[in-house]
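> Predicted model and sequence below, questions to follow.
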Amino acid sequence: MTPDPNDTGSGSVASPNGRATAARPRLECRGLAGGRGSVTVFTGLELALDGGRILALVGANGAGKTTLLLTLAGVLPATGGEFRVDGEPVKPGRPRAASRAGVVLVPDDRCLFTSLTVRENLQVAAVRGGPTPDDMLDVFPALRPRIGLAARALSGGEQQMLAMARALVQQPTVLLVDELSMGLAPQVVETLLRTVRDIADTHHCAVVLVEQHVDLALEFADDAVVLNRGRIALHGPANELTATHLEQAYFGGTIDH
């Protein structure tokens, strides 16, 4: 494989005059840099992701994966570059601006309102004219018999389903999922990843997935990026990445194509 970090993978659409024009990526990063406090964690990131596609973001601990998601969600400020949603720039460091642009984060700690019921967690997040809490029960049927229980009474897998449902009820344009497998059995993780795949396909949102189970993530993703020390070491189709590619990218070696 010969991945090109400047290749967006975007398709084309017909313009009113009948000529093909480049489709805008749903999510686009242009020279994006960010960090925590005075420490730069990633820099110069060039990414583009179309709607309906999943990008697996992988790399060793400390590579900058979670920091990137928090920056895209507006929780942390960008220190350089920009990112756009559907062609429109999003003001960095402003969670409300990111939310208005349709960027929704599922954090690794889920951040549920544990004293509220499943239904109440969904009602708090629901947007006018969007899906209802009952609609989410069709996506996550395992939550149906738990709808009146407090979130703290759910199992780990059910809590993750609720976190995903709460994100989906917000009608995301860009869905950021950070380590959904945290503390869960592999079979539960596979079920959740299948649901993420269905969400991307059905709702045409762009999904950025950070996942420690790399093999599973690559199985369900369309594209993959390996971060190494805050820079893109490898970018290409997920189904073309081999163990050798990943090992070389993780540890900074020369990638054989």
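Looks like it came in fine.
> in the sheet, who's paired with Pro237?
Beta-bridge pairing for Pro237 (DSSP bridges): Asp223.
> Mind listing what's buried along stretch 99-117?
By 16 or more other CB atoms under 10 Å, the buried positions in stretch 99-117 come out as 99, 101-108, 110, 112, 117. Bear in mind the C-beta positions are built from the backbone N, C-alpha and C, glycine included.
> Where strands are concerned, which of the residues you listed count?
103-106 (DSSP state E).
> and Gln171, helix, strand or coil?
Secondary structure, DSSP: H, G, I helix; E, B strand; the rest coil: Gln171 is coil.
> OK, contacts around it?
Gln171 sits next to 102, 127, 130-131, 203 when contact means CB atoms under 8 Å, 6 or more residues apart in numbering.
> if you set the cut-off to 6 Å instead, what comes out?
Going by CB atoms under 6 Å, 6 or more residues apart in numbering, Gln171 touches 127, 130.
> Just want the phi and psi numbers for it.
Gln171 adopts backbone torsions of phi 50, psi 60, taken as degrees, to the nearest 10.
> At which residues are the strands of the stretch 51-200 of the chain located?
In the stretch 51-200 of the chain, the segments counted as strands under DSSP state E, counting those that start in this stretch are 54-59, 78-85, 88-89, 103-106, 174-178.
> strands paired with the longest one, and their directions?
Here the strand partners of strand 78-85, with direction, are listed using DSSP bridges: strand 27-36 (antiparallel), strand 88-89 (antiparallel).
> which of the ones you listed is buried the deepest?
Highest mean neighbour count among these (mean count of other CB atoms under 10 Å): strand 27-36, with a mean of 20.
> Quick one: mean pLDDT over that strand.
Taken as a whole, strand 27-36 has an average pLDDT of 96.
> do the same with stretch 49-62
The average pLDDT within stretch 49-62 is 93.
> Use 381 as the first number from now on
With the count now opening at 381, the last piece we talked about shows up as stretch 429-442.
> So which elements touch the helix or strand harbouring Leu614?
Leu614 belongs to strand 611-617 when assigned by DSSP states H and E. Packing partners of strand 611-617 (3 or more CB pairs under 6 Å, 6 or more residues apart in numbering; DSSP states H and E): strand 603-608.
> I'd like the C-alpha coordinates of the strand it packs on written as CSV, please.
Only the C-alpha atoms of strand 603-608 are listed here, as CSV (Å, rounded to 0.1, in the frame of the first residue of the first chain):
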residue,chain,number,x,y,z
ASP,A,603,-9.8,4.1,6.9
ALA,A,604,-7.1,4.1,9.5
VAL,A,605,-4.5,6.6,10.8
VAL,A,606,-1.6,5.7,13.1
LEU,A,607,-0.4,8.5,15.3
ASN,A,608,3.2,8.4,16.5
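> what packs against that strand?
Against strand 603-608 (3+ CB pairs under 6 Å, 6+ apart) you get strand 434-439, strand 611-617.
> please redo it, this time with the cut-off set to 10 Å
Contacts defined by 3 or more CB pairs under 10 Å, 6 or more residues apart in numbering; DSSP states H and E place strand 603-608 against strand 419-429, strand 434-439, helix 445-452, strand 586-590, helix 594-600, strand 611-617, helix 623-630.
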